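**Student:** quick one, what's the 3D model for this:
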Amino acid sequence: MTRWLADENFPIPAFNLLREAGWDIEHISFIKPGIPDTEVLERAIAEDRIVITFDNDHGTLVFRDGYRPPGVVHFRLRDYLPTTPAQLLLDMVSNDWAFLNLFTVIDDQLTRQRPIP
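**Tutor:** Presented below is the predicted three-dimensional model:
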């Protein structure tokens, strides 16, 4: 089973929806609020969790600074309901999208993935 780690900026209603769907997911706001992005990635690596975030800095940490989390899903949505990110993820998983070892960017127009080196 895939394990997930929601960054502080991931909406709580979306987090709750994923939990209710049976996902193994933790939220930084409930574990250790206010930690830097580096600690978020270190925790994801230590716990083998894919990071879910709206934060642009994770791409820099992965591709420039060498952090190697199991995966990152970066949302770049403009206007959305608080549960929209969860609904998108649930739909993608039900359609057999893979997230392990990939940096996934989901925006309003398209979704793209790049292998984490």
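
**Student:** list the contacts of the closest residue to Asn101 other than its chain neighbours.
**Tutor:** Leaving aside its chain neighbours, Asn101 sits nearest to Ile116 (5.4 Å; criterion: CB to CB, 6 or more residues apart in numbering). (Glycine included, C-beta is placed from N, CA and C.) Going by CB atoms under 8 Å, 6 or more residues apart in numbering, Ile116 touches Val62, Arg68, Pro69, Gly71, Val72, Asn101, Leu102, Phe103.

**Student:** report the separation between Ile116 and Leu41.
**Tutor:** According to CB to CB, to the nearest Å, Ile116 and Leu41 sit 11 Å apart.

**Student:** which residues do the two both contact?
**Tutor:** Val62, Pro69.

**Student:** thinking again about what came up before, of the contacts of Ile116, buried ones?
**Tutor:** Val62, Pro69, Gly71, Val72, Leu102, Phe103 (16 or more other CB atoms under 10 Å).

**Student:** just those: which are in strands?
**Tutor:** Secondary structure from DSSP state E places Val72, Leu102, Phe103 of the buried ones among the contacts of Ile116 in strands.

**Student:** surely Pro70 meets Ala46?
**Tutor:** No - using CB atoms under 8 Å, Pro70 is not in contact with Ala46, being 10.6 Å away.

**Student:** between the two, which is the more surrounded one?
**Tutor:** More crowded of Pro70 and Ala46, by other CB atoms under 10 Å: Pro70, with 20 against 9.

**Student:** tell me how far that one lies from Leu5.
**Tutor:** 9 Å.

**Student:** anything in contact with each of these two?
**Tutor:** What both Pro70 and Leu5 touch, as defined by CB under 8 Å, 6+ apart, is the set Ala44, Arg49, Ile50.
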